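Asker: Pasting the sequence and the predicted model now:
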Amino acid sequence: MKSLPILFVLIFAATCCLAADPETTPTLKKIPAGKPRNIVLILTDDHRYDAMGFMGHPFLETPHMDSLAKKGAHLQNAFVTTSLCSPSRASILSGLYAHRHRVVDNNIPVPPGLTFFPQYLQQAGYETAFVGKWHMGSDNDTPQPGFNHWVSFKGQGTYWPNPNGLNVNGRQVPQKGYLTDELTDYAVDWLDGRSGDKSFLLYLSHKAVHNDLLNDGKQEGKLLLPGVDGPMGFIPAPRHAGRYANESFTPPESMAATPRNVADKPMWVQNRRNSRHGVDFPFGNKVEIATIYRQYMETLLAVDESVGRVIEALRRKQALESTLFIYMGDNGYAWGEHGMIDKRSAYEESMRIPLLVHCPELIAAGTIVKPMVANIDIAPTILAAAGLEPPQSIDGRSFLPLLQGRTIPWRDKLLYEYYWEWNFPMTPTLHAIRSDRYKFIRPYGLWDTEELYDLQQDPHELINLIRDPQHQPIVKQMKEQLFALLKESQGMAIPMFEDRGGLSNQRSTSGAPQAPFPKQVFRP
């Protein structure tokens, strides 16, 4: 690992809960009368919040996810505090905002001393297993602290076999088949093979439904994905490929570059339309959004089957009723909203995630949780379910009482942050604060406009109210709240690291032109 700047080390030491190594992980206090229980966490990549059958999707079939919602709890207002893979994963594991855990992009490795919740569980006697995509440090697949059993791969991995293969407990093992299925095989085998009485944690972290390079050295991308002319796409399992080929795609209202849709929208939003993360040039491809949208949905089918297989494995062990089973995405995903695909922005489609929790011993069937919960709340919730008091130094809170139908004091606003990436320069550093009604979005370092949306009256965030005279008190209040939250969590310094990886800054000659400055900045 490259040496870290001294300033980084000092800031990190001052803001994070530290542990020099697994042997020195602090021992958490036990909750009086708390009962350690088994925990399964299934995490998917880029799973949009409403891409599930029970959410009313017009054609997607997710019977196992639907069953989790029916027999457990659906957290309707679940969000991430950073909509990007690695920062979100570090927040899930640590309970910290990205500016505190410092894994602020997809290239930064885990800083030394950062403690993740599996380390606390292991310290408390749990048997722990990680299977899947780690993705903190782009070239790292080595076993990490906190896990007794380890199966992973470098970086994003590939859906199909590749020379790098898998790292299984420190040993390189060939990757044999379609990755979603193979990771599920490893997870189920571990569950089936357990014979001890220890409580356990299984963390199954899928690559799906992230996109992938279409040419894996053995098959041509155009054959893998009919209709896609370009380097990237979504790759369903062969048994699912083409299932939704004849289904229709309804463009969202904000996708078209109409005067109403671009009115007082930031220039960076308009310019992102013609980029790798926009509808004019998705992933650098020449392809219709409808084509890759359908393939994305087909790729989700194997994930739903994975959920069903893990549920069945728990049932065989007679552990399903007592296990806290969590299914969630690591960030949201835009499919045309505001001319965008991908995540990173502070719009609802980017911030919001699917979150389902099942545990019949704790949660009544059909529970709906409406308060805003976030990825930073996962670690303290799991620790509380394990009978441990979460560290007071973390940013998240346990939502276990909400799952049990109890009324407790809860947040009325949520902080969001995203830090500009050299690799993908089309989205700036963003900070936002979201309440149940309003959202205020502030870009950093740009000559551009801020945004304010009334989520009750305008749930699709079409009308920017930032200049509306009647809403100026709301703008002032939310801006003050934003900076108060940043100050409270030591987030006033912008994390900055050296450029790493490749640069994806291309635009299409046939796409939208560069956005003009808004008329409000001009004077006679």
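Answerer: Now that the structure is in, tell me what you want to look at. The structure presented is a predicted model; accordingly, all values stated were derived computationally and were not measured.

Asker: in the stretch 1-150 of the chain, which spans are strands?
Answerer: Ranges of strands in the stretch 1-150 of the chain, per DSSP state E, counting those that start in this stretch, are 39-44, 73-75, 78-79, 127-132, 149-152.

Asker: Out of the ones you listed, which is closest to Ser435?
Answerer: Closest approach to Ser435 among the strands of the stretch 1-150 of the chain (Cβ to Cβ): strand 78-79, 12.0 Å. Where C-beta positions appear, they are placed from N, C-alpha and C, glycine not excepted.

Asker: Now do that closest one: which elements does it pack against?
Answerer: strand 373-374 (3 or more Cβ pairs under 8 Å, 6 or more residues apart in numbering; DSSP states H and E).

Asker: now the strand it packs on, how far from the centre of its chain.
Answerer: How far strand 373-374 lies from its chain's middle: 12 Å, per Cα atoms, centre = their mean, to the nearest Å.

Asker: Likewise for stretch 126-141?
Answerer: Relative to its parent chain, stretch 126-141 has a centroid offset of 15 Å by Cα atoms, centre = their mean.

Asker: Of all the strands of the stretch 1-150 of the chain, which one comes closest to Leu482?
Answerer: Of the strands of the stretch 1-150 of the chain, nearest to Leu482 by Cβ to Cβ is strand 78-79, at 15.3 Å.

Asker: quick revisit: can you redo the strands of the stretch 1-150 of the chain as JSON lines with mean neighbour count, distance to Glu253 and mean pLDDT?
Answerer: Shown next, in JSON lines, are the strands of the stretch 1-150 of the chain (neighbours: other Cβ atoms under 10 Å; distance: least, Cβ to Cβ, whole Å; pLDDT from 0 to 100):
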{"stretch": "strand 39-44", "mean neighbour count": "25", "distance to Glu253": "27", "mean pLDDT": "98"}
{"stretch": "strand 73-75", "mean neighbour count": "25", "distance to Glu253": "25", "mean pLDDT": "98"}
{"stretch": "strand 78-79", "mean neighbour count": "25", "distance to Glu253": "22", "mean pLDDT": "98"}
{"stretch": "strand 127-132", "mean neighbour count": "23", "distance to Glu253": "36", "mean pLDDT": "98"}
{"stretch": "strand 149-152", "mean neighbour count": "22", "distance to Glu253": "40", "mean pLDDT": "98"}
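
Asker: which one of those lies closest to Glu417?
Answerer: strand 78-79 (12.0 Å).

Asker: Tally up the residues packed near Thr427, please.
Answerer: By the criterion of other Cβ atoms under 10 Å, Thr427 has 25 neighbours.

Asker: who touches the nearest residue to it once chain neighbours are set aside in this structure?
Answerer: Spatial nearest neighbour of Thr427, excluding adjacent residues (Cβ to Cβ, 6 or more residues apart in numbering): Arg344 at 4.4 Å. Contact analysis of Arg344 by Cβ atoms under 8 Å, 6 or more residues apart in numbering lists 83-84, 277, 350, 418, 424, 427, 430.

Asker: Can you tell me which of the residues you listed has the most neighbours?
Answerer: Those, ranked by neighbours (other Cβ under 10 Å): first place Ser83, 31 neighbours.

Asker: OK, contacts around that one?
Answerer: Per Cβ under 8 Å, 6+ apart, neighbours of Ser83: 331-332, 343-346, 350-351, 416, 418.

Asker: Could I get those residues in JSON lines, plus columns for distance to Met478, pLDDT and secondary structure?
Answerer: Below are the contacts of Ser83 laid out as JSON lines (distance: Cβ to Cβ, whole Å; pLDDT from 0 to 100; DSSP: H, G, I helix; E, B strand; the rest coil):
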{"residue": "Asn331", "distance to Met478": "23", "pLDDT": "97", "secondary structure": "coil"}
{"residue": "Gly332", "distance to Met478": "21", "pLDDT": "97", "secondary structure": "coil"}
{"residue": "Lys343", "distance to Met478": "22", "pLDDT": "97", "secondary structure": "coil"}
{"residue": "Arg344", "distance to Met478": "21", "pLDDT": "97", "secondary structure": "coil"}
{"residue": "Ser345", "distance to Met478": "18", "pLDDT": "98", "secondary structure": "coil"}
{"residue": "Ala346", "distance to Met478": "13", "pLDDT": "98", "secondary structure": "coil"}
{"residue": "Ser350", "distance to Met478": "19", "pLDDT": "98", "secondary structure": "helix"}
{"residue": "Met351", "distance to Met478": "15", "pLDDT": "98", "secondary structure": "helix"}
{"residue": "Tyr416", "distance to Met478": "12", "pLDDT": "98", "secondary structure": "strand"}
{"residue": "Tyr418", "distance to Met478": "17", "pLDDT": "98", "secondary structure": "strand"}
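
Asker: So which of those residues is the closest to Ile92?
Answerer: Asn331 (10.6 Å).

Asker: I figured Leu314 hits Val188, correct?
Answerer: No: with contact defined as Cβ atoms under 8 Å, Leu314 does not reach Val188; the gap is 9.7 Å.

Asker: Quick one, grab the pLDDT at the spatially most central residue of the chain.
Answerer: Nearest to the mean C-alpha position of the chain, by Cα atoms, centre = their mean, lies Asp330 at 1.7 Å. You'll see Asp330 listed with a pLDDT of 97.

Asker: correct me, but it touches Pro87?
Answerer: No: the criterion here is Cβ under 8 Å, and Asp330 misses it with Pro87 at 9.2 Å.

Asker: Of all the strands of the stretch 1-150 of the chain, which one comes closest to Glu61?
Answerer: For these, the distance to Glu61 is smallest for strand 39-44, at 15.9 Å, taking Cβ to Cβ.

Asker: and stretch 188-198, which residues are buried?
Answerer: With burial defined by 16 or more other Cβ atoms under 10 Å, the residues of stretch 188-198 counted as buried are 188, 190-191, 194.

Asker: what's the span of that stretch, first residue to last?
Answerer: 17 Å (Cα to Cα, to the nearest Å).

Asker: Please enumerate residues in contact with it?
Answerer: Counting by Cβ under 8 Å, 6+ apart, 125-127, 129, 131, 149, 200, 202, 309-310, 313-314, 316-317 sit against stretch 188-198.
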